[in-house]
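Pasting a predicted model and its sequence here:
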Amino acid sequence: MDSPEKSVSAPAVQPAPRRPRAGWTSRDLSLVAVFAALMAASAVVPPIPAGNILGVPVTIQTTVVTLTGLVLGARRAGAAVGLYVLVGLAGLPIFSAFRGGLGVLAGGSAGYILSFPLAAAVIGFLAHLILRRGLRHRGLWLFAATFAGLLTTHALGICGMMVNGQLALPAALAADLPFIPGDILKNLLAVLVAASIHRAFPDVLVRRVR
């Protein structure tokens, strides 16, 4: 007598976890637009002459570049500051002293201006890592991250002065040096503002799982 066949139930197939969408949300696009506008608005603050031979001034725009990276992260910060630079090069007078157009690429500030999107992206990348890992004393870590952006901005700024001003490296370094103390203080200000924003809006950069 044959034994009855035992029914074997097939294992339940678990649905594959959904990957987060690669595209940007309307909030992402809004933040990019807001910070690009903030960059443009910073041109209202008058530049301070730095006394270097190429006439490169001290501006508040580097503070906004740093703040954008700390708040938005690499992709959105790079997009926001990149949009600002593109609009300025297209002719809108949104660079320091209300300059605009491709003519700025022939001046002493060209390297600094072109460095802005990259510096914002570098700072944003590091800020995202710091906040995602929940490091203690994150304010100090964020301040340390701003030095990567400072290095990026000053390296390209020096290159721009060497190309457009026909300066040797020592002369370009000497022309750039007076900007560093002020930029460190501006980075500190940007960190204080960014820390307040992250406390008020903890999901703005690293989105928590709900």
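Thanks, I have the structure now.

use CA for all of it now, contacts and neighbours both
Fine.

dump the residue contacts of the spatially most central residue of the chain.
Nearest to the centroid of the C-alpha atoms of the chain, with distances taken as CA atoms, centre = their mean, sits residue 120, at 1.7 Å. With contact taken as CA atoms under 8 Å, 6 or more residues apart in numbering, residue 120 is in contact with 65-66, 68-70, 74, 77-78, 81, 149.

what would those residues look like in CSV with secondary structure and distance to residue 44?
CSV is the format used below for the contacts of residue 120 (DSSP: H, G, I helix; E, B strand; the rest coil; distance: CA to CA, whole Å):
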residue, secondary structure, distance to residue 44
65, helix, 15
66, helix, 18
68, helix, 18
69, helix, 21
70, helix, 22
74, helix, 26
77, helix, 21
78, helix, 22
81, helix, 17
149, helix, 23
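
where does this structure have low pLDDT?
Counting by pLDDT under 70, the low-confidence segments of the chain come to 1-22, 207-210.

Return the distance of the residue nearest to residue 75 when sequence neighbours are not counted relative to residue 39.
Nearest residue to residue 75, sequence neighbours excluded (CA to CA, 6 or more residues apart in numbering): residue 121, at 6.3 Å. Here residue 121 is placed at a distance of 15 Å from residue 39 (CA to CA, to the nearest Å).

ok so, going back, verify the assumption that the residue nearest to the centre of the chain is located in a helix.
Yes: assignment of residue 120 by DSSP: H, G, I helix; E, B strand; the rest coil places it within a helix.

re the thing from before, so residue 121 and residue 39 - more neighbours on which side?
Taking neighbours as other CA atoms under 10 Å, residue 121 and residue 39 compare with residue 121 leading, 28 against 25.

ok so, going back, list the contacts of the residue nearest to residue 75.
By CA under 8 Å, 6+ apart, the contact set of residue 121 is 69, 73-78.
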